[in-house]
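A.B. asks: Give me a 3D structure for the following:
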Amino acid sequence: MSGTALVVGASGIVGSATAALLVEQGWTVKGLARRPPAQDGVLPVAADLQDAQATAAALADVHADAVFITTWLRQDSEAENIRVNAAMVRNLLDGLRSSGKTPRHVALVTGLKHYLGPFEAYGKGVLPQTPFREEQGRLDVENFYYAQEDEVFAAAARDGFTWSVHRPHTVIGKAVGNTMNMGTTLAVYATLCREKGRPFRFPGSAAQWNGLTDMTDAGMLARHLLWATQTPAAANQVFNIVNGDVFRWSWMWGRIAAWFGLDPAPFDGSIQPLEQQMANDAPLWRTIAEREGLVEEDLGRLASPWHTDADLGRPIEVITDMSRSRRLGFAEYQPSDDAFIALFERLRADRLIP
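C.D. replies: As a prediction, the model looks like this:
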């Protein structure tokens with residue numbers, strides 16, 4: 001089954017991986033972003049989803065069978081996150097409706113903040129037990145993920161399309177300028193440590209160092225999105241989506257260190273955030289980039305230390321249950337260490353790291 005797809009947030013980690021998979025599978029793919037990048041086989045649609053009229057105009061001739069919403073905009077408070085990101089989803093779906101042809105299916109990517117809470121209350125208060133399961137309801141706190149879901153649910157009831165919600169853990173994948181990018185952040189951190197002989201030290205909490213966790217490869221998430229779009233039994237359901245393995249950072253940190261030719265520093269149990277460690281590294285990165293002929297000299301467009309710190313500093317173990325997808329036939333599997341290594345190899349091949 002194929003058709004025409006609209007990938008919203010086509011320049012991001014998830015959007016670019018989804019667009020590439022759809023092109024490979026024979027779909028006609030339109031990629032929406034404020035500044036759509038050049039992507040093989042993807043037809044660009046330029047739109048600012050905060051502007052309802054401009055969005056409707058940009059979508060006037062876009063008739064998509066499937067829509068993949070993989071974007072959000074970070075704001076200074078959760079109230080603003082809710083206002084802005086709910087409006088973006090609403091403007092998108094209203095714009096598609098005004099084009100005269102509503103989609104067959106809309107897939108929304110959110111994440112584990114559904115269970116852990118928004119950034120202002122992340123990993124605090126009374127949280128559900130792990131592994132997180134889809135039937136665990138919303139926390140009693142405002143959350144922009146809930147607002148995005150509500151916009152999709154309301155439009156689906158109005159316009160008659162099916163929907164799916166996909167909740168990945170931290171996503172491993174490539175995108176420049178992305179605000180949540182652990183894989184590239186760790187690659188840049190390792191490069192800086194190697195350059196200056198700094199200890200390559202795990203920056204997070206003892207709970208994350210010692211506890212079990214999981215992650216989501218961008219390609220795995222893309223395959224899950226396509227699967228839900230093509231599987232009738234998956235309609236109108238929410239799904240967790242992770243790689244299928246579990247690991248401890250005490251093991252993974254050594255795997256990452258070895259790829260960069262580093263010895264992992266001993267972990268003493270204290271948190272030393274990357275946002276502090278890398279605060280003054282922009283000039284050093286520019287020097288490395290100029291010397292090595294890298295294509296991105298701006299450290300801020302490659303690394304997102306604040307988000308990596310949020311994930312690695314959590315005080316609780318985080319594991320995600322995927323039984324709902326497995327029961328419906330989604331059997332994909334991706335070892336997380338292989339996902340990291342594949343990303344590092346791609347970053348090097350694309351001259352983003354030396």
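A.B. asks: Confirm for me that residue 127 is in contact with residue 315.
C.D. replies: No: using CB atoms under 8 Å as the test, residue 127 is too far from residue 315 to be in contact (10.1 Å). Placement of C-beta: from N, CA and C, glycine included.
A.B. asks: pLDDT averaged over the strand or helix carrying residue 184, what's the number?
C.D. replies: Using DSSP states H and E, residue 184 sits in helix 182-196. For helix 182-196, mean pLDDT is 97.
A.B. asks: hmm, who's touching the helix or strand just after that helix?
C.D. replies: Counting by DSSP H and E, the next helix or strand C-terminal to helix 182-196 is helix 206-210. Here helix 206-210 makes contact (CB atoms under 8 Å, 6 or more residues apart in numbering) with 202, 248-250, 253, 267, 269, 311-317.
A.B. asks: Enumerate the positions of stretch 253-268 that are buried.
C.D. replies: For stretch 253-268, burial by neighbour count (16 or more other CB atoms under 10 Å) applies to 253, 256, 257, 259, 260, 262, 264, 267.
A.B. asks: Mind checking which of the residues you listed land in helices?
C.D. replies: Using DSSP state H, the members of the buried residues of stretch 253-268 that fall in helices are 253, 256, 257, 259.
A.B. asks: Name the residues that touch stretch 170-186?
C.D. replies: Residues outside stretch 170-186 that contact it (CB under 8 Å, 6+ apart): 11-14, 16-17, 74, 215-219, 221, 256, 274, 296, 301-305, 307-308, 311, 336, 339-340, 343-344, 346-347, 350, 352.
A.B. asks: give me the low-pLDDT residue ranges for this structure?
C.D. replies: 1, 121-125, 179 (pLDDT under 70).
A.B. asks: Longest helix of it, counting residues only.
C.D. replies: The chain, longest helix under DSSP H: helix 78-98.
A.B. asks: what residue lies at the spatial centre of this structure?
C.D. replies: residue 171 (4.6 Å; CA atoms, centre = their mean).
A.B. asks: can you pull up the bridge partners for that residue?
C.D. replies: For residue 171, the beta-bridge partners under DSSP bridges are residue 216.
A.B. asks: From residue 298, how far out is the closest residue to residue 196 other than its chain neighbours?
C.D. replies: Leaving aside its sequence neighbours, residue 196 sits nearest to residue 284 (CB to CB, 6 or more residues apart in numbering; 7.1 Å). With distances taken as CB to CB, to the nearest Å, residue 284 is found 13 Å from residue 298.
A.B. asks: any chance you could map the strands in the protein?
C.D. replies: Per DSSP state E, the chain carries strands over the ranges 4-8, 28-33, 42-46, 66-69, 105-109, 162-168, 171-172, 212-213, 216-217, 237-241, 247-248.
A.B. asks: The last one pairs with which strands, and in what direction?
C.D. replies: Taking DSSP bridges as the criterion, strand 247-248 sits next to strand 212-213 (antiparallel) in its sheet.
A.B. asks: The longest one too?
C.D. replies: Paired neighbours of strand 162-168 in the sheet (DSSP bridges): strand 105-109 (parallel), strand 237-241 (parallel).
A.B. asks: For the last one, which outside residues touch it?
C.D. replies: Spelled out, that is strand 237-241. By CB under 8 Å, 6+ apart, strand 237-241 touches 132-134, 164-168, 216, 220-221, 224, 228, 320-322, 324-325.
A.B. asks: ditto for the first one
C.D. replies: The contact list for strand 105-109, computed with CB under 8 Å, 6+ apart, reads 14, 65-70, 89, 93, 148-149, 152, 155-156, 161-166, 168, 221, 225, 228-229, 235.
A.B. asks: how much does it deviate in direction from helix 78-98?
C.D. replies: Orientation check (axes from the mean of the first three to the mean of the last three CA atoms, to 10 degrees): strand 105-109 against helix 78-98 gives 160 degrees.
A.B. asks: and the direction of strand 105-109 versus that of strand 4-8, what angle?
C.D. replies: Going by the same axes, to 10 degrees, strand 105-109 makes 30 degrees with strand 4-8.
A.B. asks: Off-centre distance for strand 105-109?
C.D. replies: 14 Å (CA atoms, centre = their mean, to the nearest Å).
A.B. asks: which residue packs closest to residue 38, ignoring adjacent ones?
C.D. replies: residue 44 (7.9 Å).
A.B. asks: In contact with that neighbour, which residues?
C.D. replies: Neighbouring residues of residue 44 by CB under 8 Å, 6+ apart: 10, 30, 31, 33, 36, 37, 38.
A.B. asks: rerun at 10 Å
C.D. replies: By CB atoms under 10 Å, 6 or more residues apart in numbering, the contact list for residue 44 reads 10, 11, 30, 31, 32, 33, 35, 36, 37, 38.
A.B. asks: and it, how far is that from residue 218?
C.D. replies: 20 Å.
A.B. asks: How about residue 268?
C.D. replies: Separation of residue 268 from residue 218 (CB to CB) stands at 33 Å.
A.B. asks: Ok, residue 20 next?
C.D. replies: Taking CB to CB, one finds residue 20 at 9 Å from residue 218.
A.B. asks: quick one, which of those two is more surrounded?
C.D. replies: For residue 20 versus residue 218, the count of surrounding residues by other CB atoms under 10 Å is larger for residue 218: 27 against 20.
A.B. asks: gap between residue 214 and residue 200?
C.D. replies: Distance of residue 214 to residue 200, given as CB to CB: 23 Å.
A.B. asks: Ok, residue 287 next?
C.D. replies: For residue 287, the distance to residue 200 equals 19 Å [CB to CB].
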